[in-house]
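Chemist: Mind looking at a prediction? Sequence and model below.
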Number of protein chains: 2
Amino acid sequence: MSAQIIDGKKIASEIKSELKPRIEALTQKGATPFLTAVLVGNDPASEQYVRMKAKACSRIGIKSKVINMPENTPEDELLELVGELNNDTEVHGILVQLPLPEHIDQLKINLAMRTDKDVDGFHPVNLGRLMLGKPLFSPATPLGILELLNRSGNNPGGKHTVVLGRGDLVGRPFSVLASLKEINANSTVTICHSGTKNIGDYIKQADILICAMGRPEMITGEMLKPGVVIIDAGTSAVDDPSAKKGYRIAGDVHFESAKEVAGFITPVPGGVGPMTIAMLLSNTVDAAERLAENHDGS
Amino acid sequence: MSAQIIDGKKIASEIKSELKPRIEALTQKGATPFLTAVLVGNDPASEQYVRMKAKACSRIGIKSKVINMPENTPEDELLELVGELNNDTEVHGILVQLPLPEHIDQLKINLAMRTDKDVDGFHPVNLGRLMLGKPLFSPATPLGILELLNRSGNNPGGKHTVVLGRGDLVGRPFSVLASLKEINANSTVTICHSGTKNIGDYIKQADILICAMGRPEMITGEMLKPGVVIIDAGTSAVDDPSAKKGYRIAGDVHFESAKEVAGFITPVPGGVGPMTIAMLLSNTVDAAERLAENHDGS
């Protein structure tokens, strides 16, 4: 038996197609969705992510701008910029690319952002609203994982979803999102992490397994329950002399052995990655629609 | 075998004793902790809760005030009051007793509160900070449950904690709190709810079982793993002709049968209830200390 592949590129592209008429409607009203990304420093991975996001915007008609600030930008200056973007009526979505340099307090930056422009969903108000089941914006990667499940016919309702990893970006918010009393969620969720003992016992029970640890290929086929649905959000660079760059990107799951046992599985790359960008675009369109509506109403 | 009883009254009283020197120190600085409770309407249970909280304050030297507003108070008026309390430099903690009448949007009220006076921990910023592992105030009942575990020698680290119920007040925030990477937490947590299938399978696995469903005496001894630690946060009124009032307060656990299987168990009443008040007092003292410190520093 071989698992069905959940094609993240294809699902992301469906989502982007669905956004297009909404973007056109906004553009006709003179309110083209506008995402501004702020990049502090020159981390090559961050630069690449921001470039990919900007490119994805332009492809579907979302305006975008990238503001580069030097690595040694004082926290105050970044706060000031966030304040300006908050007040800029043309800007609908603000994204401050993570990680920030160590001298900048990420929580403080997130707290300074207008919650209705926080398309990354990292403002504590937006995380708190998620906990209350009244989300405004949810973080893009967890949202993308939920879409991958539902659009591949694997609604998590009533299933046992085991989340590996309690990080702020994926594991923790997904564990909350997946257990909300919503038609696309409503799952029984177990969250495992570095403090979990006998993690194999939980993995073996999973109907749905969400991997967000960043431990390359730790999960192998014999650890799984037959038919499990695997979403692999891990991305680690591992040495590979046969690859052009000398490394390749690996997920948390050993794909070859896992696909012989699982019912569904995402590839890495081509699984969660494209969904993160698609959901960021979706959040930006949501933001633009809400802000346009409020503007109409005022 | 009979379970050890976790005595919530005794542990709450230890916590209150520990608060006293801190309250005295604040009083000597002229900054006696001051809690203001707002009660909208005349719900008898709410009235009783607020009375109990005020009484508990006065017993350990915390100043308190109860502001009563009629059931038909417009939302705007309540928002205005919250604004006044935010600005009142004498007030350290604000508590708006729940539930609010239906015409008032609870989320809006919580969002209007200063996060550093939100001693109930219901402001989305405080819930979001909890998710990020950087809590300022956490909700009192989940905090109290964590104290019951740790102070009875049942640190949840590495254990499998099964939480029954995903409500905003207990189940949901406790599931996050218990799985944080903190020395008093660090538990593997499964959250079960009305959408869970085969709930018995999860209950049977629990090393620690947190009951927050409000279904009287649903959990019986034969459902449990021997030695499980049970914290029962359920409170339901059930008919009881032999009781003076014609009813008694029951937890989610059938105490008599459960105590023959469990290793530890909280009674209802006298378990979680007293802890909720103790942790509210603790949050109020935290608030007063932080506000006094900021005042000193400015």
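Modeler: On my side now, so go ahead.

Chemist: dump the residue contacts of A:A140.
Modeler: Going by Cβ atoms under 8 Å, 6 or more residues apart in numbering or on different chains, A:A140 touches A:V119, A:D120, A:G121, A:M275, A:T276, A:I277, A:M279, A:L280, A:N283. No exception for glycine: its C-beta is placed from N, CA and C like everyone else's.

Chemist: of all these, which comes closest to chain B?
Modeler: Of all the contacts of A:A140, chain B sits closest to A:G121, with 9.9 Å by Cβ to the nearest Cβ.

Chemist: residues near that closest one, how many?
Modeler: Applying the criterion other Cβ atoms under 10 Å in any protein chain shown, we find 27 residues in the vicinity of A:G121.

Chemist: Surely it and A:P139 touch.
Modeler: Yes - with contact defined as Cβ atoms under 8 Å, A:G121 and A:P139 form a contacting pair (4.1 Å).

Chemist: Now the common contact residues for the two.
Modeler: Counting by Cβ under 8 Å, 6+ apart, the contacts common to A:G121 and A:P139 are A:L127, A:P173.

Chemist: Domain boundaries for chain A, per the record?
Modeler: Listed domain ranges for chain A are A:29-114, A:140-273 (source: automatic domain parsing).

Chemist: Keep only the contacts of A:A140 that also lie close to chain B.
Modeler: Cross-checking the contacts of A:A140 against chain B (Cβ under 8 Å from any Cβ of the partner chain) gives no overlapping residues.

Chemist: Tabulate these (CSV), appending distance to A:I11, secondary structure and pLDDT.
Modeler: Putting these into CSV (distance: Cβ to Cβ, whole Å; DSSP: H, G, I helix; E, B strand; the rest coil; pLDDT from 0 to 100) gives the following:
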residue, distance to A:I11, secondary structure, pLDDT
A:V119, 20, coil, 98
A:D120, 20, coil, 97
A:G121, 19, coil, 97
A:M275, 7, helix, 98
A:T276, 12, helix, 97
A:I277, 12, helix, 97
A:M279, 11, helix, 98
A:L280, 15, helix, 98
A:N283, 16, helix, 98
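
Chemist: Which residues of the stretch 51-200 of chain A lie near chain B?
Modeler: For the stretch 51-200 of chain A, the contact set with chain B under Cβ under 8 Å from any Cβ comprises A:107, A:111, A:123-134, A:157-159, A:166, A:168, A:172-173, A:175-176, A:179-181, A:186-197.

Chemist: I'd like to know which of the residues you listed are part of strands.
Modeler: Using DSSP state E to define strands, the subset of these located there is A:T188, A:V189, A:T190, A:I191, A:C192.

Chemist: Return the member of these nearest to B:A31.
Modeler: Distances from B:A31 to those, taken as Cβ to Cβ, are shortest for A:I191 (39.5 Å).

Chemist: coming back round to it: give me whichever of the domains of chain A is most buried.
Modeler: For the domains of chain A, ranked by mean neighbour count under the definition mean count of other Cβ atoms under 10 Å in any protein chain shown, the leader is domain A:140-273 at a mean of 21.

Chemist: Any stretches of the stretch 101-250 of chain A with poor pLDDT?
Modeler: Within the stretch 101-250 of chain A, the set of residues satisfying pLDDT under 70 is empty.

Chemist: Buried ones only from the contacts of A:A140, please, as a ChimeraX command.
Modeler: Typed into ChimeraX, the line below selects the buried ones among the contacts of A:A140, using 16 or more other Cβ atoms under 10 Å in any protein chain shown:
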select /A:119,120,121,275,276,277,279,280,283
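
Chemist: related to what we said a few turns ago, out of the domains of chain A, which gets nearest to B:L209?
Modeler: Closest to B:L209 of the domains of chain A, according to Cβ to Cβ: domain A:140-273, at 14.2 Å.
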